[in-house]
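Trainee: fold the following for me, if possible:
(one chain, ligands or ions: 2)
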Amino acid sequence: MKIIWTFTLLMIPGVLSSISVTGYSGGGVSITCRYDRGYTDNNKYFCRGRWSECTDRIRNNTKNKQVDSGRFSLYDDTRAAVFTVTIRDLREQDSDIYYCGTDSYAKVDSYTEVNLNVVTAADCCEKSISLSAAAGGSVNISCRYPQSHSADVKFVCRRSGSDLCAEETSVKESRRWSAEGQMQLYDDREQQLLTGIISHVTQQHSAEYWCGVQSDQGHKSFITRVLVSVTDIPKTTSPPSSSSSPSSSSLSSSSSSLSSVESPLQKMCVRN
Ligand SMILES: *[C@@H]1O[C@H](CO)[C@@H](O)[C@H](O)[C@H]1NC(C)=O
Ligand SMILES: *[C@@H]1O[C@H](CO)[C@@H](O)[C@H](O)[C@H]1NC(C)=O
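Mentor: Ligands and ions are numbered 1, 2, ... in the order given. Here you go, the predicted model:
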């Protein structure tokens, strides 16, 4: 019986296997760890170092909800029988062997070896971009990516708190606009350039976004952080001469006060 059981485990894809993930310093990675459905209820963990001396970076029993521990997050999707480990603020020193696994009541845990290699891609890609746009206009997110990822799926994710990818838009083909959700994406694989356009922006679009690549196995590498700030004042409207008051100039110079200060224009719009 026991021999048959062990043999069965070895036959399940994703168990006792090895995966390789490339990360970029300053960015992040999401690693998908598959497990057998028999382990749905068990603790999931992600530890660093060789198997004999592997030390936990995160371990938890919470299901279908993200839990955080420092730069590490874990999300156990019990329906898909996959748990995702995300590492933020990557550094080159994070390069190492890791294991993702499930606690087991049998003698041996079910686990997957993860080889994480964190590199600096200074020659190709920007770590961070800041963009601003006026409400009603559009934002053009433009990210370069390393040539080694040309054939991968590209994505732009919107961050919410510790979740780097609370909302995702992806593009799977080269030189073809993909319009799902509020963002249009275009991937030029020859130029290694990902473009994301958000039209008719409102202040709700002010957020942190991430450009990245996704491998066939589902692992994500977050490469470029894009900070989008949408201001309330339409760019195209030339202000009447009477509005060149100190209050309007302070509004345009300090974006942080925008959310708390209601402009005269806004009040007029509300009344109409
Ligand atoms: C799992 O995460 C939750 C929420 O962060 C925390 O309260 C709990 O103590 C964690 N469990 C373990 C075993 O670390
Ligand atoms: C977006 O910006 C990039 C780089 O600045 C530019 O090459 C591209 O033409 C722009 N795309 C659109 C649709 O505006």
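Trainee: interface residues of the stretch 1-150 of the chain facing ligand 1?
Mentor: 59-62, 67 (Cβ under 6 Å from any ligand atom). The way it works is simple: take the backbone N, C-alpha and C, and place the C-beta from them, glycine included.
Trainee: quick check: the farthest pair among those?
Mentor: Largest separation among these by Cβ to Cβ: 59 and 62, giving 10.5 Å.
Trainee: common neighbours of those two, please.
Mentor: Shared contacts of residue 59 and residue 62, defined by Cβ atoms under 8 Å, 6 or more residues apart in numbering, are found at residue 74.
Trainee: quick one, which of these two is more surrounded?
Mentor: The residue with more neighbours, out of residue 59 and residue 62, is residue 59; 16 against 12, by other Cβ atoms under 10 Å.
Trainee: element containing that one, please.
Mentor: When elements are assigned from DSSP states H and E, residue 59 belongs to strand 55-60.
Trainee: who's in contact with residue 168?
Mentor: Contacts for residue 168 (Cβ under 8 Å, 6+ apart) come out as 155-158.
Trainee: number of nearby residues for whichever residue of the stretch 151-272 of the chain sits closest to ligand 1?
Mentor: Going by Cβ to the nearest ligand atom, ligand 1 is nearest to residue 162 of the stretch 151-272 of the chain, at 10.7 Å. With neighbours defined by other Cβ under 10 Å, the count for residue 162 comes to 16.
Trainee: which one of the residues of the stretch 1-150 of the chain next to ligand 1 sits closest to ligand 2?
Mentor: Using Cβ to the nearest ligand atom, residue 67 comes nearest to ligand 2 of these, at 37.4 Å.
Trainee: residues contacting the residue nearest to that closest one when sequence neighbours are not counted?
Mentor: Excluding the flanking residues, the one nearest residue 67 by Cβ to Cβ, 6 or more residues apart in numbering is residue 60, at 4.8 Å. Residue 60 sits next to 43-45, 67, 69, 74, 76 when contact means Cβ under 8 Å, 6+ apart.
Trainee: likewise for residue 53?
Mentor: Not one residue lies near residue 53 by Cβ under 8 Å, 6+ apart.
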